[in-house]
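Colleague: One predicted model, sequence on top.
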There are 2 protein chains.
Amino acid sequence: MSKAKRLLDILVFVSAKKKFTAQEVADEFNISIRTVHRYILDLSDMGLPIYAEQGRNGGYTVLSSRLLPPILFTEDEAVSIFFAFQSLHYYRDLPFNTEIKSVSQKLYSSLQEEAKQKVDKLQSYIAFWNPKRAIETPLLKAVLEAAIENKNLHIHYESKSGTTTKHIHPIGAYAHDGLWYMPAFDFTKQKILLFRVDRIISIIESEENQEVFVNLQEWFSSEYELKQPIHLNVLLSREGVRQCKSDPNLEDLVTIKEDGTGFIDAIIDKGELNFISSIFYRLGMHAQIVEPKELINIIRQQAKGILSMYPEND
Amino acid sequence: MSKAKRLLDILVFVSAKKKFTAQEVADEFNISIRTVHRYILDLSDMGLPIYAEQGRNGGYTVLSSRLLPPILFTEDEAVSIFFAFQSLHYYRDLPFNTEIKSVSQKLYSSLQEEAKQKVDKLQSYIAFWNPKRAIETPLLKAVLEAAIENKNLHIHYESKSGTTTKHIHPIGAYAHDGLWYMPAFDFTKQKILLFRVDRIISIIESEENQEVFVNLQEWFSSEYELKQPIHLNVLLSREGVRQCKSDPNLEDLVTIKEDGTGFIDAIIDKGELNFISSIFYRLGMHAQIVEPKELINIIRQQAKGILSMYPEND
DNA sequence: TTAATCATGCCAGTAGTTGTCATGTTTATT
DNA sequence: AATAAACATGACAACTACTGGCATGATTAA
């Protein structure tokens, strides 16, 4: 076996083992101890952060986290990684910020001049626009780790009524519209609630968890179940169709007729009514609500409220 | 110099040159032709897709796009790449889909069992929730390439009034809320308009462009300039503060008072009024608009319209 | 036909690698 | 204090791999 191949095998072996003696490596690969010493010198020269402890019970220790064997990427693949990183640009706090930086450096420095320009260009021609870089989410990594390590947390949380203390089990975290949300089981209320990670003021303590909860995927799909089904029936003008098609909640529900107008005829959850009402308010005469009465009422009540707030005087 | 190092130098040299003769490499590195032949055999064994053409004017040709020299990643860095790819999961059409897949495979296969589990786990504890995987954007890659290669396009576009033909110069593309948008200079209207990439029906033809336009970054920042400044003054209840703080357009404008209530006192662009009105509509009594009158009018008109659409009858 | 090119084999000289042995140093254990 | 276990390093001979040169062939364009 060639020296290069053997070196890589040893690289993988030692970076997995972290602490080892020369003898162990010699036995593992059937080579002499002298050669192991020589190899380790080579790896060290190659940049592997490894140090030796002298004396009895001594040995070598690899400092960095595990290394993967060297990987050959094509230029396009490297660009695709930059492209993916680009999509994270607008998030202010990310769990892997340092790693993302070091990957970027490693890749960028081994690109040739021409490809560097391509990457630079990419960043001036494509963007992922997300709002709200402004809100800090310093505890994101902490709650994510708690979720992954299956722990429960006591937290200070800023809610409508002020700062409260909560005892929760995080299910996971997801980003939406520039903000990080965390569904978590609230032990006091005995159900899963949705928290905003930026509103977690501090983590008081964490503890091991015994119980079993749904994972994030399962929670997502359970969210889509209808709790209080209600019949939604709306007539849409051409413009109404266009706008509803652009709305994530409605696009799948719209049926388009031949003349370009359309309608919505679907079963939705009653809880969504308050949310949906503002869309139909904005659409005004482009959307004629037929059912449900509740939705018409919500919209009329809100309109009345507005008119009483701003009485006519001009 | 060691053989391994020399091989990598040659790998970079030939994958940049794509087509070359053994003599060229021999001259470049001051080695014998015989050795070059041997090295190329080694590279070929290592998986470099390279083939030879016999005879006069023959030579070697490297098939794949350029290769980077091998890169050593730590496990955490690999995980961070998966994390970044995760954020792209909800986009249906991406310019680098194939590369993303091949990078994922290369990385995943060289991870150890434990790290594979970590990656799998990551995907069940974290998500980037974006709506609208449903809308196809098949022409995204094409318009992106046109933008990068500085070309003009004639396109069929689906606009309010039906399908129209447009002569444009794409500035770039950005994703927002699951949809891809393309600011582009419209040669007919002589100004930059915003198009939705999924509404581009087809590209008729492309042509070289001579003129100079802003790039995406510049366009973004110019978008923020105020064209028709107008004074916005709104009083907010505690709940009003909370909700405005969650809105990307307003969060920076809100001032919070000691008792938790707050106000907005800022200069905004008149064009935003229509957009902003629906937020204050939703807030109802939690937001008392003081200025401008125009905003109050918009909200009152809309409320009136709603009430006339749904006359009281219960 | 000739020149340019890849393909491959052989061989001797050179360069690099390995194992063994030797010697030191450091540190924990007895 | 002695001993054992570990790293550190040097010397050297045996071994292995690499290299360049030369030869031979095959293929192709001029």
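Modeller: Arrived safely.
Colleague: ranges for the helices of chain A?
Modeller: Taking DSSP state H to define them, one finds helices in chain A at A:3-17, A:22-29, A:33-45, A:75-86, A:97-110, A:113-125, A:140-148, A:216-223, A:238-245, A:273-283, A:293-309.
Colleague: And the pLDDT for the nearest residue to A:Leu253 once chain neighbours are set aside?
Modeller: In this structure, A:Leu253 finds its nearest non-sequential neighbour in A:Ala266, 4.3 Å apart by Cβ to Cβ, 6 or more residues apart in numbering or on different chains. No exception for glycine: its C-beta is placed from N, CA and C like everyone else's. Looking at A:Ala266, its pLDDT stands at 73.
Colleague: and the residue in chain A that DNA strand C sits nearest to, how many residues sit next to it?
Modeller: Residue nearest to DNA strand C within chain A: A:Gly55 (1.9 Å; Cβ to the nearest atom of the strand). Under the neighbour criterion other Cβ atoms under 10 Å in any protein chain shown, A:Gly55 is assigned a count of 6.
Colleague: same thing with the one 10 residues further on?
Modeller: Burial of A:Ser65, expressed as a neighbour count using other Cβ under 10 Å, amounts to 14.
Colleague: Ok, A:Lys116 next?
Modeller: A:Lys116, neighbours per other Cβ under 10 Å, totals 12.
Colleague: so who does the residue lying closest to it once chain neighbours are set aside touch?
Modeller: Nearest residue to A:Lys116, sequence neighbours excluded (Cβ to Cβ, 6+ apart): A:Tyr108, at 6.5 Å. Residues near A:Tyr108 by Cβ atoms under 8 Å, 6 or more residues apart in numbering or on different chains: A:82, A:116, A:119.
Colleague: Next: A:Glu291.
Modeller: By Cβ under 8 Å, 6+ apart, the contact set of A:Glu291 is A:231-233.
Colleague: repeat for A:Phe82
Modeller: By Cβ under 8 Å, 6+ apart, the residues touching A:Phe82 are A:104, A:107-108, A:119, A:122-123.
Colleague: List buried members of those by neighbour count.
Modeller: A:104, A:107, A:119, A:122-123 (16 or more other Cβ atoms under 10 Å in any protein chain shown).
Colleague: Looking at these, spot the one nearest DNA strand D.
Modeller: Using Cβ to the nearest atom of the strand, these come closest to DNA strand D at A:Leu107, 28.7 Å.
Colleague: quick one: that closest one and B:Leu68 touch, right?
Modeller: Yes: between A:Leu107 and B:Leu68 there is a contact under Cβ atoms under 8 Å: 7.3 Å.
Colleague: And the pLDDT at A:Pro229?
Modeller: 68.
Colleague: My error: substitute A:Glu225 in the last question.
Modeller: Reported pLDDT for A:Glu225: 64.
Colleague: Check A:Lys132 too.
Modeller: 58.
Colleague: domains of chain A?
Modeller: Following automatic domain parsing, one gets these domains for chain A: A:3-62, A:75-125, A:143-222, A:229-309.
Colleague: Need the mean per-residue confidence for the first one.
Modeller: If I follow you right, that is domain A:3-62. What domain A:3-62 shows for mean pLDDT is 92.
Colleague: how about low-confidence regions in the stretch 101-250 of chain A?
Modeller: Applying pLDDT under 70 to the stretch 101-250 of chain A flags the ranges A:130-134, A:224-229, A:248-249.
Colleague: Burial check on the residue lying closest to A:Gly305 once chain neighbours are set aside, number of neighbours?
Modeller: Once flanking residues are discounted, A:Gly305 sits nearest to B:Gly284: 5.0 Å by Cβ to Cβ, 6+ apart. The number of residues packed around B:Gly284, counting by other Cβ under 10 Å, is 17.
Colleague: Now do B:Gly284, the pLDDT please.
Modeller: On pLDDT, B:Gly284 comes in at 73.
Colleague: Could you check how far it is from A:Glu114?
Modeller: Using Cβ to Cβ, to the nearest Å, we find B:Gly284 at a distance of 57 Å from A:Glu114.
Colleague: Point out the residues in the stretch 151-300 of chain A that sit beside chain B.
Modeller: Listed as neighbours of chain B in the stretch 151-300 of chain A under the rule Cβ under 8 Å from any Cβ of the partner chain: A:160, A:171-179, A:181, A:215-217, A:220, A:238-239, A:242, A:246, A:248-249, A:251-252, A:278, A:281-282, A:284-285, A:288-289, A:296, A:299-300.
Colleague: Out of these, which end up buried?
Modeller: The neighbour count (16+ other Cβ under 10 Å) marks A:171-175, A:177-179, A:181, A:216, A:220, A:238-239, A:242, A:246, A:248, A:278, A:281-282, A:284, A:288-289, A:296, A:299-300 as buried among these.
Colleague: returning to what we had before: may I ask which two of the contacts of A:Phe82 are separated the most?
Modeller: Pairwise distances among the contacts of A:Phe82 were taken by Cβ to Cβ; the largest, 13.7 Å, belongs to A:Leu107 and A:Gln123.
Colleague: In contact with the nearest residue to A:Phe280 once chain neighbours are set aside: list those residues for me.
Modeller: Spatial nearest neighbour of A:Phe280, chain neighbours left out: A:Ala287 (4.9 Å); criterion: Cβ to Cβ, 6+ apart. A:Ala287 makes contact with A:234-237, A:240, A:244, A:279-280, according to Cβ under 8 Å, 6+ apart.
Colleague: Tell me, what's the model's pLDDT at A:Ala287?
Modeller: On the pLDDT scale, A:Ala287 gets 77.
Colleague: Next one: it from A:Ser161, what distance?
Modeller: To A:Ser161, A:Ala287 is 35 Å away according to Cβ to Cβ.
Colleague: Bridged to A:Tyr157, which residues?
Modeller: Counting by DSSP bridges, A:Tyr157 is bridged to A:Thr164, A:Ile200.
Colleague: residues touching it, list them.
Modeller: Residues in contact with A:Tyr157, defined by Cβ under 8 Å, 6+ apart, are A:163-166, A:195, A:199-201.
Colleague: Pull out the buried residues from these.
Modeller: Neighbour counting by 16+ other Cβ under 10 Å classes A:166, A:195, A:199-200 among the contacts of A:Tyr157 as buried.
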